[in-house]
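Student: Fold the following and give me the result.
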Amino acid sequence: MTLCDIGTPELVLDIVRVRQNAKRMSEIAKRSEVRLRPHVKTHKCVEIARIQTSGHDGAITVSTLAEARAFAKNGFSDITYAVPIEKGKFEDAIDILKNGVKLNLLTDDAETVRLLDSAAGKAGVTFDVFLKIDCGTHRVGVEPHAAQAVEIPRQISGAANLHFAGILTHAGHSYNAGSKDEILAVARHERDIIVELAERLRSLSIEVPTVSIGSTPTMSLVDHLDGIDEIRPGNYIFFDNFQATLGSCGFEDTALTVLTAVIHKDSGRRKLVVDAGAIALSKDRGPVGLDQQCGYGRVLDLEGNDTGMRVTGMSQEHGEIEAGDNPSFDRLKIGDRVRILANHSCLTAAQHSHYNVTENGEIVGRWEIHRGW
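Tutor: Numbers count the residues shown, from 1 in each chain. Modelled structure (predicted):
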């Protein structure tokens, strides 16, 4: 079966590139002597997680408890839920833990620690809990030099039903970098402030079992990982238009595209419309700081070659391509297939139910995507 035999819009996954990307990050982790705990939110797929964790201890990171349940059912037993826990999710987290999974939680809030300790005690369980540190993204987390960066670990360590797992951060702001040098600077900062905090906590007799960091841009370019125990990159397994433009990878490393059909051609306006809109691609604007013309994704031909066109407009089920004088426009007709390299593969994958896995131009598998919260 080939891409001409399936409907549109559909995800197309190049398994050769997936394996290459997995191998590259695996080598970084092994060379640096750190645990690789990949973030599976990028793909939400058991088969891909098995590729990522091959040769490692099988630890993974998830972004939803639904992901935790799905992966636990498929043999993954060491899972970090990398979103700050809140009391409305205690019951689900306890249920997952009682089913034999080592479920690590994280928090940046002292009151949540108190409530979680009480809930765990009533349920007869013990949770491993990380303190989330803000290394510059300013989304969630405790500032590393704030009093809470010491007070909360001390509180967790002293709780009857919690175990202090360590400190964890994520340099999400690395996606806003404008060059490889800027990414490297963010990577060094991410590493250095968390190692410094770990040393400070240990000097205060607070045991820090694990120091955990990692975004795809920073882990792709970091110079060393001294003092780090664990890395949690995720997007590296697919990469995308954003990462390739940013310099975390080359365009030849990008593994995920959306197969779509031309459904309208306007020769006067030199415009094409395809059947992959916001629901198939997401509306992530991508690397606009580096490429103001990035649109909603790069238009590739059926073989995966860049046509030079971009998805310039979007509605729910329609993707608009303003072709200008691009010669690819003249060759395309209604019903022809093209592929879109989306700006953000994580969001794009989450819009679909499965991957069409390809190898050397042939479809060799159909892998489920486990969505939900």
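Student: Is the nearest residue to residue 195 once chain neighbours are set aside in a helix, a strand, or coil?
Tutor: Setting aside the residues directly before and after it, residue 195 is nearest to residue 227 in space (C-beta to C-beta, 6 or more residues apart in numbering), at 3.6 Å. In short, each C-beta sits where N, CA and C put it, glycine included. For residue 227, the assignment made with DSSP: H, G, I helix; E, B strand; the rest coil gives coil.
Student: residues in contact with residue 227?
Tutor: Shown in contact with residue 227 (C-beta atoms under 8 Å, 6 or more residues apart in numbering): 191, 195, 198, 199, 211.
Student: what comes up buried for whichever helix in the chain runs longest?
Tutor: As assigned by DSSP state H, the longest helix anywhere in the chain is helix 180-203. Residues of helix 180-203 classed as buried: 182-184, 186-187, 189-191, 193-195, 197-198, 201 (neighbour count, 16 or more other C-beta atoms under 10 Å).
Student: Regarding residue 80, what is its secondary structure?
Tutor: The three-state assignment at residue 80 reads strand, by three-state DSSP.
Student: Repeat that for the one 4 residues further on.
Tutor: When the structure is reduced to helix, strand and coil (three-state DSSP), residue 84 reads as coil.
Student: what about stretch 180-196, average pLDDT?
Tutor: For stretch 180-196, mean pLDDT rounds to 96.
Student: Now that stretch - C-alpha only, CSV.
Tutor: The C-alpha trace of stretch 180-196 is given here as CSV (Å, rounded to 0.1, in the frame of the first residue of the first chain):
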residue,chain,number,x,y,z
LYS,A,180,21.9,28.0,17.8
ASP,A,181,24.1,30.1,20.0
GLU,A,182,21.0,31.4,21.8
ILE,A,183,19.7,27.9,22.2
LEU,A,184,23.1,26.9,23.7
ALA,A,185,22.9,29.8,26.1
VAL,A,186,19.5,28.7,27.3
ALA,A,187,20.7,25.1,27.6
ARG,A,188,23.6,26.1,29.8
HIS,A,189,21.3,28.3,32.0
GLU,A,190,18.7,25.5,32.3
ARG,A,191,21.5,23.1,33.4
ASP,A,192,23.5,25.4,35.6
ILE,A,193,20.7,26.9,37.7
ILE,A,194,19.1,23.5,38.5
VAL,A,195,22.5,22.0,39.4
GLU,A,196,23.2,25.0,41.6
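Student: what's it in contact with?
Tutor: Contacts of stretch 180-196 (C-beta under 8 Å, 6+ apart): 133, 135-136, 144, 167, 169, 171, 173-174, 177, 211, 213, 215, 217-228, 246-248.
Student: what packs against the lengthiest strand in the chain?
Tutor: Secondary structure of the chain per DSSP state E: the longest strand is strand 256-266. The helices and strands touching strand 256-266, judged by 3 or more C-beta pairs under 8 Å, 6 or more residues apart in numbering; DSSP states H and E, are strand 10-14, strand 271-274, helix 278-281, strand 337-342, helix 345-349.
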